[in-house]
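In: No letters, just coordinates:
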């Protein structure tokens, strides 16, 4: 598998794990020093894998109540040991999805190959700000 | 200069150009195929350098009326030909800044070295969603 194939598979596994609420699988390919810009605050980011793990349980409860988390488009740019990827996802309730089918969660990932294995060192999640 | 130094300088130049409203300098180190996730919609991103250029003039008018655009923290991860960077910026009116000094614009950049020169192929801007 090429580096692009490996990273595409990593992202697809991660999205499936988010939808399933499987915290071990969500955090598995993430580095100890990850910096995450989440949809809600804090403004200066979630820092470190312990804080990253703590960010998920509330969102898993919303997923379990009928939320979607589906990759619509995924683009990966990979060198030999550094890569980035952007992802557009459907992330909505069934009602929200019927009302606003064009709504997307945007995710950008920064990755490094550490000891032969790709891992996520940066992750940025956002929705467009409709009132901007 | 190392690749990290080159990219740090690129980001500082870009931020200075945004604050100055200098469109040529803002777009200078950006690739023809850039995909930008901007603060406002469209949900599936701004695609291509012409659309990227069109995104700026309205924001420049706001900058000229007293907005700040100052790098607070910048982190770069660079391989030999692919890199990513995240940036926290103060981006606010003087009144907003006095009221909410912790507010940050979060920017993530994906870069490639093309013919010996780094350029931005992906750019993701967002504010945290306070109501999330």
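Out: Nice, thanks for sending it over. Here the structure is a predicted model, which is why all the values come from computation and not from measurement. Numbers count the residues shown, from 1 in each chain, chains lettered A, B, ... in the order given.
In: And the closest residue to residue A:105 other than its chain neighbours, how close does it get to chain B?
Out: Leaving aside its chain neighbours, residue A:105 sits nearest to residue A:91 (3.9 Å; criterion: CB to CB, 6 or more residues apart in numbering or on different chains). Bear in mind the C-beta positions are built from the backbone N, C-alpha and C, glycine included. In this structure, residue A:91 and chain B are separated by 11 Å, where distance is defined by CB to the nearest CB, to the nearest Å.
In: show me the contacts for residue A:91.
Out: Listed by CB atoms under 8 Å, 6 or more residues apart in numbering or on different chains, the contact set of residue A:91 reads A:67, A:68, A:69, A:70, A:103, A:104, A:105.
In: just curious, which of these is nearest to chain B?
Out: When the contacts of residue A:91 are compared for distance to chain B (CB to the nearest CB), residue A:104 wins out at 4.1 Å.
In: Quick one: residues contacting the closest one.
Out: The contact partners of residue A:104, taken as CB under 8 Å, 6+ apart, are A:72, A:88, A:89, A:90, A:91, A:127, A:128, B:43, B:44.
In: Which ones among those lie within helices?
Out: The members of these all map outside helices under DSSP state H.
In: ranges for the helices of chain A?
Out: A:3-20, A:23-27, A:49-54, A:57-64, A:94-99.
In: now the longest one: how far from the chain's centre is it?
Out: Translated: helix A:3-20. In this view, helix A:3-20 has its centroid 9 Å away from the chain centroid, taken as CA atoms, centre = their mean, to the nearest Å.
In: what do you get for the third one?
Out: Using CA atoms, centre = their mean, we find the averaged C-alpha position of helix A:49-54 to lie 13 Å away from the chain's own average C-alpha position.
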